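Student: Let's see this in three dimensions:
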Amino acid sequence: MAENMQEYLQKTKELTRNGEYEKALERTLWFHNHALEHEPAMYGVRLSFALGYWEDLGKVYPPAKAAMIETRDRKLKLLQDQNGDRELFHDVVALNTRLGENSKTVKFFEELDKQHPEQARKYWEIAKEPVTAANRYDLVKKYIVSFDQEFQSCKMLYKHQIEFYNKRAIGHDELKTHAENHFIEECLTLIEVAQAIDDPTAAKSIQQKALAVLDDPRLRKAIPTNGSE
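Tutor: Sure thing, here's the model as predicted:
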């Protein structure tokens, strides 16, 4: 069924390319709301490629962007009313990213930190990218457990994604590249945070472990040696 959902998504993308915007939006909303009922393994694709296609549709068809904003606002209201869960929070974070409104994620997480710190801790793994990008190192120091644990989590997710995507007959290369880039970006964020809170040992350790997984120039340049770039 995962292949069927992937095919469904690709056909929806084709509708956008062909100018059939209304039908593409109808299918986009259906996928966002129901894809996981048919194939839970599409969780990552739903919040990455599917939202990317939705964003592309919104650039040429304003009702699509309006629908994305409405979806985000509705889900955020549920979270604010304490009627949400971790998956709903993940939806809101991903939608905020596509809308260029990560500040809303940071603001909500800050409110959680003040009013429901235990819930904030459960959501931290999802919130850490926009929170870190906002240079909120006060929150980072509070919720990061250990740099090694954070790295192992990134590595485990990457390995799981690669294993899953290697089985896909459709969009394999695109999915694999996305997984690699996400892993690298996560590791670069951890290195940046370690350096920001003055823990060069942790930063170097993450760099070395990440390079053992993927020898990428972005990782090699993350901590330049003396006299290098």
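
Student: max-length helix in the chain?
Tutor: Secondary structure of the chain per DSSP state H: the longest helix is helix 172-196.

Student: Contacts for it, please.
Tutor: 45, 48-49, 128-129, 132-133, 135, 137, 140, 144, 147, 150-151, 154-155, 157-158, 161-162, 165-166, 168, 200, 202-203, 206-207, 210, 213-214, 216, 218-219, 222-223 (CB atoms under 8 Å, 6 or more residues apart in numbering). From N, CA and C alone the C-beta is placed, and that goes for glycine too.

Student: How about stretch 51-64?
Tutor: Against stretch 51-64 from outside (CB under 8 Å, 6+ apart): 9, 12-13, 16, 21-22, 24-25, 28, 32, 65, 67-68, 94-95, 98.

Student: redo that, cut-off 6 Å
Tutor: 13, 16, 21, 24-25, 28, 65, 68, 94, 98 (CB atoms under 6 Å, 6 or more residues apart in numbering).

Student: I'd like the residues you listed as a markdown table, with neighbour count and secondary structure appended.
Tutor: Below are the contacts of stretch 51-64 laid out as a markdown table (neighbours: other CB atoms under 10 Å; DSSP: H, G, I helix; E, B strand; the rest coil):
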| residue | neighbour count | secondary structure |
| --- | --- | --- |
| Lys13 | 19 | helix |
| Thr16 | 23 | helix |
| Tyr21 | 18 | helix |
| Ala24 | 25 | helix |
| Leu25 | 23 | helix |
| Thr28 | 25 | helix |
| Lys65 | 18 | helix |
| Met68 | 22 | helix |
| Ala94 | 18 | helix |
| Arg98 | 18 | helix |
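
Student: out of the residues you listed, who's nearest Glu37?
Tutor: Using CB to CB, Thr28 comes nearest to Glu37 of the contacts of stretch 51-64, at 15.8 Å.

Student: and that closest one, what is it in contact with?
Tutor: With CB under 6 Å, 6+ apart, Thr28 has these contacts: 12, 54.

Student: Show me the helices in this protein, by range?
Tutor: With DSSP H, the ranges of helices along the chain come out as 2-17, 21-38, 43-47, 49-60, 62-80, 86-99, 102-115, 117-133, 137-143, 147-165, 172-196, 200-213, 217-220.

Student: how far does the longest one sit from the chain's center?
Tutor: Taking the mean of its C-alpha atoms, helix 172-196 sits 10 Å from the chain's own mean (CA atoms, centre = their mean, to the nearest Å).

Student: next one: stretch 55-72
Tutor: Using CA atoms, centre = their mean, the offset of stretch 55-72 from its chain centre is 19 Å.

Student: Name the residues of it that are buried.
Tutor: Residues 55-58, 61, 64-65, 67-68, 71-72 are the ones in stretch 55-72 that count as buried (16 or more other CB atoms under 10 Å).

Student: Equivalent analysis for stretch 199-214, please.
Tutor: 202-203, 205-207, 209-210, 213.

Student: Dead centre of this protein: give me the residue that sits there.
Tutor: Nearest to the mean C-alpha position of the chain, counting by CA atoms, centre = their mean, stands Ala94 at 5.9 Å.

Student: now that one, nearest residue through space, not along the chain?
Tutor: Counting by CB to CB, 6 or more residues apart in numbering, the nearest residue to Ala94 once its immediate chain neighbours are dropped is Leu47, at 4.2 Å.
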